[in-house]
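In: Everything below, folded, please.
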Amino acid sequence: MIKRRKTKTVKVACTRVTAGASGWVKIGSSAPVVIQSMTKVPTVDIARCVRQVNQLVKAGCRLVRIAVPKRADTAAFAKIVQKVNVPLIADVHFSPNRAIEAIEAGAAKIRLNPGNIKKRKDILRIIDAAKMHRVAIRVGVNEASIDSRISIRDAHRLHSRYPRAFLRKQERGCERESSIEHRVSRMLREMKKYVRLFENRNFTQLVLSAKSSDALRTIEVNRRIAKTFPYPIHLGLTHAGLPEDARIPSAVTLGALLAEGIGDTIRVSVAGNPVLETKIAKQILITLGLYPRSGPELIVCPTCARAEIDVTKLARRVEKAIRDIDKPLRVAVMGCIVNGPGEAADADIALCAAKNKAYIYRNGRRISIVTESKAIPALLRELQKFDAGCSIPDAPLLSQGQACPRENGEGSGKENRLREKRETRIKYRG
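Out: This is a model prediction of the structure:
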């Protein structure tokens with residue numbers, strides 16, 4: 001059981017609330033970790049944007065972020081807010097005017113980047129508008145934004161004043177600059193300066209995030225933020241890549257932090273369909289026990305020389321057969337006696353395959369033996385019984401060595417016992 005980090009609780013409100021909806025999403029402490037994603041169609045295309053927001057909500061998002069780079073985007077944002085049933089976050093960069101427009105347009109939360117909105121008077125204007133409208137703010141530090149700002153400013157200033165000294169400094173600092181410690185310290189320092197402005201203004205409806213494309217730097221900076229501030233943390237690995245490249249780095253980075261109790265909202269960044277981002281995020285949370293499973297879990301043995309059938313092919317058929325089931329069942333497909341009975345004991349339904357036949361288990365008890373061609377239909381029949389809430393008379397445990405009824409119900413108890421013992425000794429020897 002993961003012990004979540006205690007934080008302040010931030011509440012974000014949905015502008016349009018339908019019957020039966022609370023209208024609020026809580027972030028932090030004991031509230032469930034919230035999945036969010038970002039629309040990837042032009043914000044001014046209101047119909048497409050609303051459609052994508054709804055797709056994300058259906059996939060499991062409880063917050064959706066929308067980019068508002070232009071005045072036309074904040075105008076469109078105001079209309080989108082009225083058409084969806086989820087709190088919307090306005091993603092703001094460079095322009096304080098866009099931030100204030102988004103707040104007035106009905107944003108539940110806005111995201112600010114300290115790397116490109118840095119004038120004190122602009123930040124204070126945004127804070128005052130957010131307080132007036134009861135809008136939360138995420139301070140999102142991106143390593144790339146801070147790096148580019150510092151390198152341009154400092155390089156020109158130092159090189160113009162002290163050209164030789166600057167070159168020597170660059171040479172000496174090359175290794176230090178690339179170190180995890182230096183970059184993490186720089187992100188944390190930027191975060192502290194920004195948050196101080198909010199706290200001095202008595203604004204505490206804050207969510208913090210610090211992202212890098214590097215997994216180790218992202219893990220380390222978020223650990224330090226968790227120790228330094230009492231605010232909820234949004235987790236993400238920026239520029240994670242194409243779906244096939246983004247899954248593992250995102251799972252490692254977010255999983256490491258979530259396992260330590262750090263992280264209150266998450267986004268998996270993937271180049272492509274944002275619905276896929278939500279699915280990956282959900283898988284990460286389900287694996288850690290932080291999100292309820294709504295569909296079946298398929299356990300498949302990795303196979304080895306003991307396997308006498310194509311387990312992978314069989315598992316693919318099972319996967320396709322259970323795809324539309326909406327109950328959190330555990331289904332196992334195993335290829336030999338080494339792990340088969342153990343996984344069967346831990347599964348709701350299990351299929352242990354041998355040459356030309358399969359053994360069907362329910363709640364750890366073997367209930368039938370079928371030919372390979374009948375394995376999937378037999379498995380589905382048992383799943384349907386689960387779905388209907390039917391009870392099955394007690395079946396014998398494998399360890400008891402008792403008779404197992406044939407699929408067609410034929411054969412005496414003695415015949416079944418002899419067959420079962422023979423198959424256990426010979427088929428699964430070794």
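
In: C-alpha only now, for contacts and for neighbours.
Out: Will do.

In: low pLDDT regions in this protein?
Out: For the chain, the stretches with pLDDT under 70 are 16-23, 147-178, 240, 337, 339, 387-430.

In: what residues go with each domain of it?
Out: What automatic domain parsing lists as the domains of the chain is 10-287, 297-426.

In: Go through those and pick out the most buried.
Out: Greatest average neighbour count among the domains of the chain goes to domain 10-287 (a mean of 19), per mean count of other CA atoms under 10 Å.

In: ok, back up a step: redo the domains of the chain as JSON lines? Include distance to Lys3.
Out: Formatted as JSON lines, those follow (distance: least, CA to CA, whole Å):
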{"stretch": "domain 10-287", "distance to Lys3": "5"}
{"stretch": "domain 297-426", "distance to Lys3": "24"}
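
In: Show the contacting residues for Ile286.
Out: By CA atoms under 8 Å, 6 or more residues apart in numbering, the contact set of Ile286 is Pro292, Arg293.

In: Secondary structure element for it, which one?
Out: Using DSSP states H and E, Ile286 maps to helix 274-287.

In: Helix or strand next in line after that helix, which one?
Out: Going down the chain from helix 274-287, the next helix or strand is strand 297-300, by DSSP H and E.

In: Parallel or antiparallel, which strands does that next one pair with?
Out: strand 330-334 (parallel) (DSSP bridges).

In: send the alpha carbons of the partner strand over as CSV?
Out: Only the C-alpha atoms of strand 330-334 are listed here, as CSV (Å, rounded to 0.1, in the frame of the first residue of the first chain):
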residue,chain,number,x,y,z
ARG,A,330,-8.0,-11.7,-13.5
VAL,A,331,-7.6,-14.2,-16.3
ALA,A,332,-4.5,-16.3,-16.7
VAL,A,333,-3.2,-18.2,-19.7
MET,A,334,-0.3,-20.6,-18.8
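
In: Centre of the chain to that strand, how far?
Out: 24 Å (CA atoms, centre = their mean, to the nearest Å).

In: Output the contacting helices and strands for the helix or strand following that strand.
Out: Sequence-wise, the next helix or strand downstream of strand 330-334 (DSSP H and E) is helix 340-345. In terms of contacts (3 or more CA pairs under 8 Å, 6 or more residues apart in numbering; DSSP states H and E), helix 340-345 is packed against strand 330-334, strand 349-354.

In: ok and the shortest one relative to strand 349-354, angle-wise?
Out: Here strand 330-334 runs at 0 degrees with respect to strand 349-354, directions being taken by axes from the mean of the first three to the mean of the last three CA atoms, to 10 degrees.

In: that older thread, Arg4: which of the domains of the chain is closest?
Out: domain 10-287 (4.0 Å; CA to CA).

In: what's the first-to-last distance across that closest one?
Out: 25 Å (CA to CA, to the nearest Å).

In: again with stretch 316-328
Out: Span of stretch 316-328 from end to end, CA to CA: 19 Å.

In: go on, stretch 127-141?
Out: 17 Å.

In: And for stretch 31-46?
Out: 31 Å.

In: before we move on, what about stretch 288-298?
Out: OK, stretch 288-298 end separation, CA to CA: 16 Å.

In: how about the helices of the stretch 151-300 of the chain, start to end?
Out: 163-177, 180-200, 215-228, 243-259, 274-287 (DSSP state H, counting those that start in this stretch).

In: thinking again about what came up before, any idea which of the helices and strands packed on helix 340-345 gets closest to Gly263?
Out: Of all those, strand 330-334 comes closest under CA to CA, at 27.5 Å.

In: Identify the residues contacting the closest one?
Out: 296-301, 303, 311, 314-315, 340, 343-344, 347-353.

In: at 7 Å what do you get?
Out: Residues from elsewhere that reach strand 330-334 (CA atoms under 7 Å, 6 or more residues apart in numbering): 296-301, 315, 340, 343-344, 347-353.

In: shouldn't Glu308 be in contact with Ala354?
Out: Yes. Using CA atoms under 7 Å, Glu308 is in contact with Ala354, at 5.8 Å.

In: Ala107 and Val195: what is the separation?
Out: Counting by CA to CA, the gap from Ala107 to Val195 is 21 Å.

In: before we move on, the earlier item: would TSV of the helices of the stretch 151-300 of the chain with distance to Pro69 be doable?
Out: Formatted as TSV, the helices of the stretch 151-300 of the chain follow (distance: least, CA to CA, whole Å):
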stretch	distance to Pro69
helix 163-177	31
helix 180-200	21
helix 215-228	26
helix 243-259	26
helix 274-287	19
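
In: So for Asn97, which of the ones you listed sits nearest?
Out: Of the helices of the stretch 151-300 of the chain, nearest to Asn97 by CA to CA is helix 180-200, at 17.9 Å.

In: now that closest one and helix 215-228, what's the angle there?
Out: 40 degrees.

In: Excluding covalently adjacent residues, which one is nearest to the residue positioned nearest the centre of the chain?
Out: Centroid-nearest residue in the chain, with CA atoms, centre = their mean: Ala281, separated by 1.4 Å. Nearest residue to Ala281, sequence neighbours excluded (CA to CA, 6 or more residues apart in numbering): Val268, at 5.9 Å.

In: Report the contact partners of that neighbour.
Out: Gly236, Leu237, Ser250, Glu277, Ile280, Ala281.

In: so how far is Gly364 from it?
Out: 36 Å.

In: cool, Gln205 as well?
Out: For Gln205 relative to Gly364 (CA to CA), the value is 50 Å.

In: For the nearest residue to Ile225 once chain neighbours are set aside, give its distance to Leu351.
Out: Among residues not flanking Ile225 along the chain, Leu188 sits closest, at 7.0 Å (CA to CA, 6+ apart). Noted for Leu188: a distance of 52 Å to Leu351, by CA to CA.

In: same thing with Phe94?
Out: 57 Å.

In: So what does Asp310 look like in phi/psi?
Out: In terms of degrees, to the nearest 10, the main-chain angles of Asp310 are phi -80, psi 90.

In: Then Arg362?
Out: Residue torsions, per degrees, to the nearest 10, at Arg362 are phi -130, psi 120.

In: next one: the one 4 residues further on
Out: With angles defined as degrees, to the nearest 10, Arg366 sits at phi -80, psi 120.

In: partners of it in the sheet?
Out: Tyr361.

In: Ile360 is in contact with that one, correct?
Out: Yes. Contact criterion CA under 7 Å: Arg366 and Ile360 qualify, at 5.8 Å.

In: Name the nearest residue to Ala78, ignoring sequence neighbours.
Out: Ala105 (4.4 Å).
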